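Participant: Got a predicted structure plus its sequence, pasted below:
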Amino acid sequence: MVLVFFAYFALASIAAGVLTVALRHPVHCGLALLALLVHVSGLFILLNAEFLWAVQIIVYAGAILVLYLFVLMLMNLKTDDRYLHSSYLYFLVPAAIGSLYVLTLLLRSPFGGEKGDATTVAILQDGDTHAVGIKMFSEYLLQFEIVGVFLLGAVIGAIVLAKTPKSANREGKA
Amino acid sequence: MLEELASTFPILTCILFLPVIGAVVLWLFDDEDMVRTSALAIALVELALCVFVLWRFIPESAAMQFSEHVPWIPALGVSYHLAVDGISVLFVGLTAFLAVLIIIYSWDTVRHQVKLYMMALLALETTTMGVFISIDLILFFVFWELMLIPSYFLIKLWGGGAERHHAALKFVLYTLLGSVFMLVGIALLDINYHQWATLRHMEPTYSFDLLELLSVPIPLNQQILIFWLLFLGFAFKAPVFPFHTWLPDALLEGPIGMAVVLAGLKLGTFGFIRFSIPLLPDASKSQTVVSIIMALGLAAILYGAIMALVQQDFRRLLAFSSISHLGFVVIGLFALNYQGLQGSLLTMINLGFSTAGLFFIAGFLYSRQQNTQLGSFGGMAKQTPVLASFFLFIGLASIGLPGTSGFVGEFLILLGTFKANWLYGVIAVTGVIFGAAYFLWYYERSMLGPLGKAVKDSISDLHPREIFIATALSVMILWIGLYPAPFLRMMNGSVQALVDRLEHGTVASIEPKQPVRVD
Amino acid sequence: MTFELTMSPSDLLLFLPEILVTSWLCFILIIDFSFPRLPNEQLAYFSIAGLVGTLGCLAWFDFAGITGALFGNMFVLDRMALFFKMLIVGSAILIILVSIDYIHRFKVFRGEYYFLIVMATLGMMFMASANDLLSLFITLEFSSLGFYVLIAYLREDMASNEAGIKFFILGIFAAALLAYGISLVFGETGKLVFSDMKMAQATPGLAIGFLLIFAALGFKIGAVPFHSWIPDTYHGAPTPVTAFLSIAPKVAALAILLRMFLVALATFKPIWVLLIVAVSVLSMTYGNIVAIAQKNIKRLLAYSGIAQIGNVLIGLATGTKMGSDAMLFYLLTYLFANLGAFAIVIAVSEAIGSEEIDDYSGLGRRSPFLAFSMLIFLLSLAGVPPLAGFIGKLYIFIAAIKEGLYVLITVGLINIVISMYYYLIVVKKMYVNEPRDRSPLKISGPIKVVVYICLAGTLAIGIYPQPVTDWVVSAILVFSNVADPTASLPIPPAVIPLGG
Amino acid sequence: MTDLLIKLIPLFPLLAVILNGFLGRRYSHETAHRLAWGSVGLSFLCTIAVFVEILRTGTSHEVIAYQWIFGGDLTVNLAYLVDPLTCIMLLVVTGVGLLIHIYSVGYMHGESGFTRFFTYMNLFMVSMLLLVMGNNYVVLFIGWEGVGLCSYLLIGYYYDKVSAAKAASKAFVVNRIGDAGFLLAIFLIFVNFKTLDYTKVFAQVGQLSPEMATAIAFCLLIGAVGKSAQLPLYTWLPNAMEGPTPVSALIHAATMVTAGVYMIVRNHAIFDLSPTVMTIVAVIGGLTALFAATIGLVQTDIKRVLAYSTVSQLGYMFLGCGIGAYTAAIFHLMTHAFFKALLFLTAGSVIHALSGEQDIRKMGGLSSKIPWTHRLFLIGTIAIAGIPPLAGFWSKDEILAHAFTHHHYLLYAVAAVGALLTSFYMFRLMYLTFYGASRMDHHTEEHVHESPMVMVGPLMVLGVLSILGGFLGFPPEHGWLHQFLAPVAGLGGEHDVSTGLVLMLMMIATGIALLGWALAHYFYSVNLSAPDRLAAKFQAGYKILLNKYYVDELYDLVWVEPIKQLGRLLDWFDRTVIDGLVHSVARLADLAAAGSTWAEKYLIYGGLNVIGYGNHLAARQWRQLQSGMVHHYAAVIVAGIFLLAVIIQLIMQL
Amino acid sequence: MIPLSAYVAVSAVLFITGLLGVMIRRNFIIVLMSVEIMLNAANINLIAFSHYLESMAGQMVALFIIAIAAGEAAIGLAIIIVVFRGKISTNVDEMNFLKW
């Protein structure tokens, strides 16, 4: 059963990913990305990380992607006939070889890092969210704070770049 | 009273930094004559200090005298160590002497940006002094590199030729190329010392101090490696035969003052006798090294002479003749016996008078005819007898006529070389013939014969300032030529120490007592 | 799974500098919002005041030897971190100083400029103490964020936009690589903190993971082959930002590199030494050679920066304490020389509105002071004695020769000659060529101050480097335990030829 | 006392040099020339004093002025050695020098470079004195090069004449070739003896291996050949005649050119060890004597004739040295100094009289116009021709006799023929110049006048010396001179020779000389007027005269013509081949230089600049990588990662 | 039970897809999306590891990566708008004024 789900989510997300890169129309790409995100979140469920699933759906699919689509709409871009670089073949071929190379390497790798304390049992005991919360506000408090400032900065930056204040217009006219 | 003054007073530091401080002072003046006068004054004070050193110098001793030693970067074992011994003391005097003459020469020949020129000149004097009196290799390297900056500007801003930018760049890049390899060699010496010192728990664990380094034996193969690294540095600067191409350009394009310094002060060969030979005696003795360098030296002698035979421009001729002379110096050094070393040392001093003198002559000609091409001269002896006679005298000195300084050095070099290997001696002697040929033929075509077409009738003979320069040089030339005893006495001790060092090699130098470090 | 978080005020003390900067960040924002009419000089001096305070605080820490580690070694404050933080804050101060006159080019949001600068500084300060993969990722992005905005700050200038967008794309691309690398390393070790990682043998995942991390950091310091953003970004960005970009992120990233290689990867030294050697050789050669062909002074400095990083990496390639000392020392000298040069570029572009090398013709006549300082800085960059740059290079080369990296040394030395070549081209323009107009240039006070500071630094360190050497030697003491490579790993044959 | 005098000898002229050289322009010509010849006179007096001293004590003096070059195992003092040999040389140099100085006062009168001339002359005296007085090879070498320099300066005295300038340079350069050999000799000596003092060297000359002795002697010989204008390095001497005549007399006849002979005699101890080199010396001498003489036959320039005769006489001296007759060589050196100086100076006075004419074909019949000059020239001619009892006879005959008695018959023959030719061409010169009809153009003819007393005076003294000088060496082999020089040069012929033989040889020599004279007389005096007298005379006895003519033609055919031909041939050889050789060497140098210039420009220069150019090239190529396209940049990054990955994999063998 | 390597394979494929997207697409926004794909690949890895290695660290990192991604998306899109104002195009390869 799990295997089926896994196969579905994996294949679907890969397909969505390829579509995202391959489709012509930016909006279609956006939608394909949406599909990707959703299916990846499915994988998260299988790894019983439901908090991450929620974040994935809410933040990624909900916020970020909407932002993307919003910008696309804002610019209402036409599909241009040449949506790939003229020289993309030069990238494709070596990249294909390289990817196979990396894949083989990675699959030969054990990934047998030493186990931690968060066994499946411990997590399922009172939920992934609880576990994440505890970790977040104990061990990773500092990073949490930093990210807070980071987001503040992001907001300011976005304003600085995107906002067109009156003064600018005035100076522009003057 | 004078005794403890001489013992405590840091006179070498004064000699070292007086000119550059003076240069800063010059910055304050605006009136050009004021600048000239004060520059001359500074140079004269400098000369006086140097004469004092020469006077207080204890001859017939290998000791490092007037030594000043304070740590500079202990972490790397770099120290501020100044001293003079028989090898370097004469160069100190020579540098100050030439600086004075150059300033006098530039009095009215340099017209634009006089202040900058004088400042660059004084800065150059400081760096040159530094090269001569630094005992610490890094300190030496510092001044060695610093020389490039004023030289670069002197050639570039006050050079006469159209190609001077190229010449200046070429000069700097070549020297730099050589000196970076030299830096590796120096670092290797330091590392070698470090290993030895850590083995013996000696302090300091790092050192670039010549005297410290002398106390450390170096395995032969490493010696040879280091030797070649240093060789590149010195050979590019000297310049030794295949590395010489920057010299004619720099001398032709650059101003006379620069040419005098470049051709008169043999920094490269000084490096050999100051560092290479004492630090790496076994490498210097090794058969391959000696034969290669001898070959280069002899090639330089003949090549330079033959090239000089056909030069139309006097400064190019001088360039090649000084390459030829350097060949003599090199073979003298690597004859590695008493006469050879002594002769080379003396010859380096002599060239400071004769070759530099000829460049002043070239300057006199230049200021009269606006170039030094043969075409613009001919039969000038009629118009300018005094110029012609000084030209002849200094020229004969440079081709080693007995009774002039040139002979003593050249004789010793040839004798030493002959002692080392008669074949080298025989080849080198042929250079003597060529020397006479190229000089006399040029002299004949430029000074003798009927008056050349290009020569203005209104051309004037030397004026007092120029006569002063020429006379000063001639007096020195005659002095060394006829009564070199004082000079020889100053260098004898160190040369003897060097010869002993060469005999024993570094293997014997494990015991602390050193022939060279008597102090 | 229980909640345990124990922090004492003394632990909080370790955060004092960061807390200071953060609070200052907010102050700047508040003041900027509440007093829109405030002339930006005052805001500048206000933020400088804060940073100077931070610097003082850091100095005090360093003097009093206040060090420590928090959050399971995720945040370490050792003397090395202090050293790097001082470098970062110091450069930030100088940058704000040189910006004061430049600001008028921004039509709007002049206040936020300082905010962003200080924010980037904060990010990099965290970077200097980051000791684990997560902090590495977060702080890296944090510090980049400021630059994403700052580079595109001249919104009407296409060059600035283009630079911004290029930097942004490549930046997040690098971030993605970093993230993936982190994931792989985490998979191989199960740990995030460098000092906790126990790696028995090298597995492909580990190799690729660290390689990707190295790529991201290499991207930050602009080492070949991860350098490609440098020239364009430097060219397009507002010059003060370029100046900031040219020193602070490199310093911060190098701090992490040091920790990563000397702590986490100490056992694999023979392998990564080879890696660094390759990168260093590429950087020096490519940077210097391409610099020769440049017409724009900022691009020239960009390429020379690439080359300089190559020199710094020599120190890393030695993998010894002495090498690390040399790196720190070199970075300090590089900071002074490079910022000084950029300050002069700003001054000139303020005066004549151009950054083409040709327009530097006759600078020696128009402003002897600027020309002379530029000469000093360029020569220091080229490593001419007795300037700071020379001592730095000497230090690094000695460290490298000690390790027998002769190939590296030879390449480096030849590169010194090449670099001399293009530095001299600039010098020639300044002193030899005839200026188009001889009118003297006027330099504003703050920039003068910066030039003086950098001049003083360059000369002082060059002439009497003793205190600085002591400082760096003590700063690197952390690594004395890993100074010598652990002999556990058999040295692969491929290393020997490089070892000379 | 003596030491002081010895030190003074070279000092006086030096003083004059300094004064005239630096202050010469300040004061009048009178003061200048008084200083000049005064100083030489003073050193002449000193010489006399020293000479007397030596005669009294018979000991040789060594005087150290000061330590010159030293260090290590080398010590060279500026020191003098005065022994009989030096004495003779000193007397010759200072004596003849003094006379020539005085003569020059008149000859150079009114020249623009009057002071310069005397400065150079005094400088020459200084160098020459150092040369003969030095007690070690280096001091000798100073003088050696010094005289070369002075000859350069004086030949180039009329420096605005191109030919003079060229001749001067040629002289110096050719001399340098010899000097190089000499230097090598000095080095060899030092390497073998660890000293350069004569006394020390000759003291231990015994342990010298024959080969080494040969080497040293040969190198010395090279030097001597160069200085004394022997085959094959004699070419410079004829050209040297470009200088003023007193210079030719002093430097290129009396003193400098004999330095080679002096040097060989000084080192005879070394030469004696090497028969090979001795033979070479003798052969060179003989050949040169003959060779130069034959050339002398066809010369038309009065000074050139004398120049070639000088070369040939020097050949005799070398011959003497070569066969071990050192005393004889010195003896001939001395007499030659007298009569050759006399000849040159009289020739100078002739030229002076003819206001600069030197071509003997434009002279003739001067005997009546300038009687004193004529008489003195005659004396000189007789002396050099070797007609007893004049000086030339005794010295030359002694060399010849020595050659004969020591069984060098071939050399004897060569020398004899040389002698014949000598007297022939000298008398030919005599006749063409002073006798017969005048061939001058009127302008010069009117201005012909006898030289002033200041010139004729010295000539007379020299004339007397040329007449009596020979008796210093009388009787042959046992004369006063031989006794005097014995300690230095050793007695020439120990084994006794029967007086009869000696007398016979003398007869032969005299005969040869007179024969030469007769021939000359016949061709240049008698036969000129023969034809018309024959035409006028009666037919009787016609045949005999005709036969006489046969003889004449026979002689002509058998002797004169071939000899003339040979002379021309050799002259041609001299001008074409040997000069040609010098030229071709110059060509070669040009070629080599051109070649190296090319190499300079393209090989070395290009090779060392390849860095710079390469950089520019690379810069232009590599910057293309920075295409400005973001995706290219990304690709670069990825490619870089792959590259490093490959490297790592290679290292780790994953 | 699904083997870990399966997840690694999936993430690797996605990662490479994103990589290619960055390199071959002209449209700037799509390039951004490709980067998002790469980040997701990283997240898959992290969470898979944190599951199999029984350590929360992986999840935390993934969480923070999402947060950072959000912030950067905001900035990036802002930059796009700026550029778009300047010249009406979002094609990265039309921006090569700065080169060499």
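Facilitator: That came through, no problem. Residues are numbered from 1 along each chain as shown, chains lettered A, B, ... in the order given.
Participant: and the residue of chain A found nearest chain B, how many neighbours?
Facilitator: Here the residue of chain A nearest chain B is A:Leu142; by C-beta to the nearest C-beta that distance is 35.7 Å. Placement of C-beta: from N, CA and C, glycine included. Other residues lying near A:Leu142 total 20 when counted by other C-beta atoms under 10 Å in any protein chain shown.
Participant: swap in D:Ser525?
Facilitator: Count around D:Ser525 with other C-beta under 10 Å applied: 16.
Participant: my guess is B:Asn494 contacts B:Asp85, does it?
Facilitator: Careful, residue B:494 is Ser; it's not Asn. Yes. In this structure, B:Ser494 is within contact of B:Asp85 by C-beta atoms under 8 Å, at 4.9 Å.
Participant: So is stretch D:18-33 next to chain B?
Facilitator: No. Using C-beta under 8 Å from any C-beta of the partner chain, stretch D:18-33 stays clear of chain B, coming no nearer than 8.9 Å.
Participant: ok, the residue of chain A closest to chain B - contacts?
Facilitator: A:Leu142 makes contact with C:Leu70, C:Phe71, C:Met74, C:Phe75, C:Ser135, according to C-beta atoms under 8 Å, 6 or more residues apart in numbering or on different chains.
Participant: Could you give the secondary structure assignment for the closest residue to the second one other than its chain neighbours?
Facilitator: The spatial neighbour of C:Phe71 that comes closest, neighbours along the chain excluded (C-beta to C-beta, 6 or more residues apart in numbering or on different chains), is A:Leu142 at 5.3 Å. A:Leu142 carries the three-state label helix when classified by DSSP: H, G, I helix; E, B strand; the rest coil.
Participant: Residue numbers of the stretch 201-350 of chain C in contact with chain D?
Facilitator: Counting by C-beta under 8 Å from any C-beta, the positions of the stretch 201-350 of chain C adjacent to chain D are C:202-204, C:207-208, C:211-212, C:214-215, C:219, C:224-226, C:228-229, C:231-232, C:270-271, C:274-275, C:278-279, C:286, C:289-293.
Participant: ok, now with 6 Å
Facilitator: C:202, C:204, C:207, C:211, C:215, C:225-226, C:228, C:231, C:271, C:274-275, C:289-290, C:292-293 (C-beta under 6 Å from any C-beta of the partner chain).
Participant: Of those, which is the nearest to A:Leu105?
Facilitator: Closest to A:Leu105 out of those is C:Pro204 (3.9 Å), distances taken as C-beta to C-beta.
Participant: Not counting sequence-adjacent ones, nearest residue to the closest one?
Facilitator: Closest residue to C:Pro204 apart from its sequence neighbours, by C-beta to C-beta, 6+ apart: A:Leu105 at 3.9 Å.
Participant: Check the one you found and give its pLDDT.
Facilitator: You'll see A:Leu105 listed with a pLDDT of 81.
Participant: just D:Lys161 next, same as before
Facilitator: We have a pLDDT of 79 for D:Lys161.
Participant: Pull the number of nearby residues for it.
Facilitator: D:Lys161: 15 neighbours (other C-beta under 10 Å).
Participant: swap in the one 4 residues further on?
Facilitator: When neighbours are counted by other C-beta under 10 Å, D:Ala165 registers 26.
Participant: distance of the residue nearest to C:Phe71 from chain E?
Facilitator: Distance, A:Leu142 to chain E, using C-beta to the nearest C-beta, to the nearest Å: 11 Å.
Participant: A:Leu23 now?
Facilitator: With C-beta to the nearest C-beta as the criterion, A:Leu23 and chain E are 9 Å apart.
Participant: Help me confirm that that residue comes into contact with A:Cys29.
Facilitator: Yes. Counting by C-beta atoms under 6 Å, A:Leu23 does reach A:Cys29; the two are 4.8 Å apart.
Participant: between these two, who's got more neighbours?
Facilitator: A:Cys29 (25 against 18).
Participant: And the more buried one, what's its pLDDT?
Facilitator: On the pLDDT scale, A:Cys29 gets 89.
Participant: Also the one 5 residues further on?
Facilitator: The predicted local distance difference test score for A:Leu34 is 92.
Participant: for B:Leu169, same thing?
Facilitator: 77.
Participant: How about the one 5 residues further on?
Facilitator: In this model, B:Tyr174 is scored at 77, pLDDT.
Participant: Report the contact partners of it.
Facilitator: B:Phe236, B:Trp246 (C-beta atoms under 6 Å, 6 or more residues apart in numbering or on different chains).
Participant: The helix or strand harbouring B:Trp72: what's the following helix or strand?
Facilitator: Using DSSP states H and E, B:Trp72 maps to strand B:65-73. Sequence order places strand B:78-84 as the next helix or strand after strand B:65-73, per DSSP H and E.
Participant: For the following helix or strand past that next one, enumerate the helices and strands it packs against.
Facilitator: Toward the C-terminal end, the helix or strand that comes next after strand B:78-84 (DSSP H and E) is helix B:89-109. Helix B:89-109 sits against helix B:32-56, helix B:114-133, helix B:256-264, helix B:338-369, helix B:464-482, with contacts defined as 3 or more C-beta pairs under 6 Å, 6 or more residues apart in numbering or on different chains; DSSP states H and E.
Participant: now the angle from the longest one to helix B:89-109?
Facilitator: Compare the direction of helix B:338-369 with that of helix B:89-109 by axes from the mean of the first three to the mean of the last three C-alpha atoms, to 10 degrees and you get 0 degrees.
Participant: Now do the buried residues in helix B:338-369.
Facilitator: If you call a residue buried by 16 or more other C-beta atoms under 10 Å in any protein chain shown, then helix B:338-369 has these buried ones: B:338-366, B:368-369.
Participant: Find the nearest non-adjacent residue to C:Glu434, please.
Facilitator: C:Gly362 (5.6 Å).
Participant: still on that earlier bit, what is the neighbour count of the residue nearest to C:Pro204?
Facilitator: With other C-beta under 10 Å as criterion, A:Leu105 counts 18.
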